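*Asks:* when you get a sec, could you give me coordinates for this:
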Amino acid sequence: MSEGPFARSVYHLYVILVEDRDRLQGFLQEKGIATGLHYPLPLHLQQAYGHMGHAKGDFPVAESAAQRLLSLPMYPELTDEQIEYVCTSIKDYYK
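*Replies:* Residues are numbered from 1 along each chain as shown. Model (predicted):
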């Protein structure tokens with residue numbers, strides 16, 4: 001990722017796409033690694049956008065992503081050792 005000289009990202013989310021999100025999330029939880037599910041329901045299926053008349057299947061890419069998104073720990077105090085632990089744990093899961 002590149003940043004313009006006029007801006008700096010806050011890096012508040014680190015999201016990955018995985019096929020077996022719920023199992024990976026449980027595996028990481030057992031290892032003491034907190035994860036999140038940001039936007040588990042695509043916008044077009046949320047009540048606030050119901051007036052637009054969209055239905056399930058109208059945006060299949062968004063719906064697929066919503067089922068596969070997993071947010072990993074991301075905050076300023078995260079140490080290099082903690083990052084390595086998260087990465088190693090994910091690698092162990094997929095072995």
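*Asks:* so where is the protein shaky, pLDDT-wise?
*Replies:* 1 (pLDDT under 70).
*Asks:* where do the helices sit along it?
*Replies:* Taking DSSP state H as the test, the helices found in the chain are 21-30, 60-68, 80-93.
*Asks:* count the neighbours of Phe27 for me.
*Replies:* Residues lying near Phe27 (other Cβ atoms under 10 Å) number 17. No exception for glycine: its C-beta is placed from N, CA and C like everyone else's.
*Asks:* which ones are touching the closest residue to it other than its chain neighbours?
*Replies:* Excluding the flanking residues, the one nearest Phe27 by Cβ to Cβ, 6 or more residues apart in numbering is Tyr93, at 5.0 Å. By Cβ atoms under 8 Å, 6 or more residues apart in numbering, the contact list for Tyr93 reads 24, 27-28.
*Asks:* make a markdown table out of those residues and add distance to Glu3.
*Replies:* Shown next, in a markdown table, are the contacts of Tyr93 (distance: Cβ to Cβ, whole Å):
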| residue | distance to Glu3 |
| --- | --- |
| Leu24 | 29 |
| Phe27 | 33 |
| Leu28 | 29 |
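*Asks:* what is the nearest of the residues you listed to Tyr85?
*Replies:* Of all the contacts of Tyr93, Tyr85 sits closest to Leu28, with 10.1 Å by Cβ to Cβ.
*Asks:* against Arg68, how distant is the closest one?
*Replies:* 15 Å (Cβ to Cβ, to the nearest Å).
*Asks:* with Lys95 instead?
*Replies:* The gap separating Lys95 from Arg68 is 20 Å, by Cβ to Cβ.
*Asks:* and these two? Which one has more around it.
*Replies:* Of the pair Lys95 and Arg68, Arg68 is the one with more neighbours under other Cβ under 10 Å, namely 14 against 4.
*Asks:* tell me the contacts of that one?
*Replies:* Counting by Cβ under 8 Å, 6+ apart, Arg68 touches 17-19, 21.
*Asks:* what's the answer for Ala65, then?
*Replies:* By Cβ under 8 Å, 6+ apart, the neighbours of Ala65 are 17, 42.
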